[in-house]
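**Q** Provided below are the primary sequence and the corresponding predicted coordinates.
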Number of protein chains: 2
Amino acid sequence: MTKNFSFIEKLRETGLRPTKQRIKICEVLFNREKTFHFTINDLVKKISEELNEKISLATVYNTVHALQKKGYLKEISINSNKSYFDTNTSVHHHFYDEDTHQLIDCNENEIESVKVKNNITGKKINSVEVLVRVASDNQNQN
Amino acid sequence: MTKNFSFIEKLRETGLRPTKQRIKICEVLFNREKTFHFTINDLVKKISEELNEKISLATVYNTVHALQKKGYLKEISINSNKSYFDTNTSVHHHFYDEDTHQLIDCNENEIESVKVKNNITGKKINSVEVLVRVASDNQNQN
DNA sequence: CAACAGTTTAGAATAATTATAATTTATAAT
DNA sequence: ATTATAAATTATAATTATTCTAAACTGTTG
Ligand SMILES: [Mn+2]
Ligand SMILES: [Mn+2]
Ligand SMILES: [Zn+2]
Ligand SMILES: [Zn+2]
């Protein structure tokens, strides 16, 4: 249970009370070796599958948004109908598999750094991110 | 009225019946010199402002999707809560103004072409697009 | 152990989008 | 031109993701 202890610390540090529910959500989100890209629904499913727990939908939304606000999660917009979140909070690029609707991080070395030569006057650049849409190689056009 | 005639042709060519409503929507969308980035709501507003007409919301959705399917419009996902559409259907990059929620096309010369060095095996790349998020230069962090 | 603010929860409300089913319209055939 | 038919439009209902609400509960602090 040393793992959970670290989440309690982490939550406390950022001014979030380490409640039962938040700790469980942290476990599901951050106790993994690879980046996790998910929708709220994915997360709810994982919580019930991996932890055999039920956390109310409102709490899952609240907690994910709280973690995002504190910089532990990042929101990604791919699909206009639902939000994706990402445990990799750095500015980075993605592959989006249009067949499986999966988001995959681009490694640093997979995309050459993007140069923005002209910016809009009076504005500062917050992020520059690339989305590579991929699909199966079959010739399945309409 | 030569303009409308061209829309009638265009619609007919792609197998869409040139109805009163579709022609009006085409006018609003394509009778402009600059690229138009819009939400369904923006479009409905323009229709009532510019043409003093009321087209039912269902028809606006249907028509926009029909035009998109035929390649006359492109859907852009920025914000997870609503869809943006774009009269520029080419693969291209955008600035997104996080203050005003406006989408602006990047000119060819504003972003250096992006090189994807490694792709996912078994998949083909459909598009590579960059999103540059900008905001006002004021120091308004939380 | 209080006390109190912060959190969780079920369920209602909202907002964008899609589905339905009746009416209307565009086109093609007569 | 009239008619037949399929396609489109419309008002409205349904759906889906998300947010709000307000009551019950829990974590923290003294
Ligand atoms: Mn959000
Ligand atoms: Mn859509
Ligand atoms: Zn990622
Ligand atoms: Zn554009």
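**A** All right, it came through fine. Every value quoted in this text rests on a predicted model; they were computed, and no experiment measured them. Ligands and ions are numbered 1, 2, ... in the order given.
**Q** what does chain A put close to DNA strand C?
**A** A:16-17, A:19-22, A:54-59, A:62-63, A:80-81 (CB under 7 Å from any atom of the strand). All C-beta atoms are positioned from the backbone trio N, CA, C, and that covers glycine.
**Q** If we use 10 Å, what do you get?
**A** By CB under 10 Å from any atom of the strand, the residues of chain A that approach DNA strand C are A:11, A:14-25, A:47, A:53-63, A:66, A:80-81.
**Q** Give me the buried positions along stretch A:107-123.
**A** Across stretch A:107-123, burial judged by 16 or more other CB atoms under 10 Å in any protein chain shown covers A:110, A:111, A:114, A:116, A:123.
**Q** helices or strands up against the top strand by length along chain A?
**A** Assignment by DSSP state E gives strand A:123-136 as the longest strand of chain A. Using 3 or more CB pairs under 8 Å, 6 or more residues apart in numbering or on different chains; DSSP states H and E, the elements in contact with strand A:123-136 are strand A:94-97, strand B:123-136.
**Q** Looking at the ones you listed, spot the one closest to DNA strand D.
**A** Between DNA strand D and the helices and strands packed on strand A:123-136, the shortest gap by CB to the nearest atom of the strand is with strand A:94-97, which sits at 16.0 Å.
**Q** isn't residue A:118 right next to residue B:108, touching?
**A** No: taking contacts as CB atoms under 8 Å, residue A:118 lies outside contact range of residue B:108: 11.0 Å.
**Q** Quick check: closest non-adjacent residue to the residue nearest the centre of chain A.
**A** With distances taken as CA atoms, centre = their mean, the residue of chain A nearest its centroid is residue A:86 (1.1 Å). Spatial nearest neighbour of residue A:86, excluding adjacent residues (CB to CB, 6 or more residues apart in numbering or on different chains): residue A:74 at 4.5 Å.
**Q** ok, residue A:44 - contacts?
**A** The contact partners of residue A:44, by CB atoms under 8 Å, 6 or more residues apart in numbering or on different chains, come to A:55, A:57, A:60.
**Q** Break down chain A into its strands, ranges please.
**A** A:37-38, A:74-76, A:84-86, A:94-97, A:102-105, A:123-136.
**Q** And the pLDDT for residue A:66?
**A** Residue A:66 is assigned a pLDDT of 97 by the prediction.
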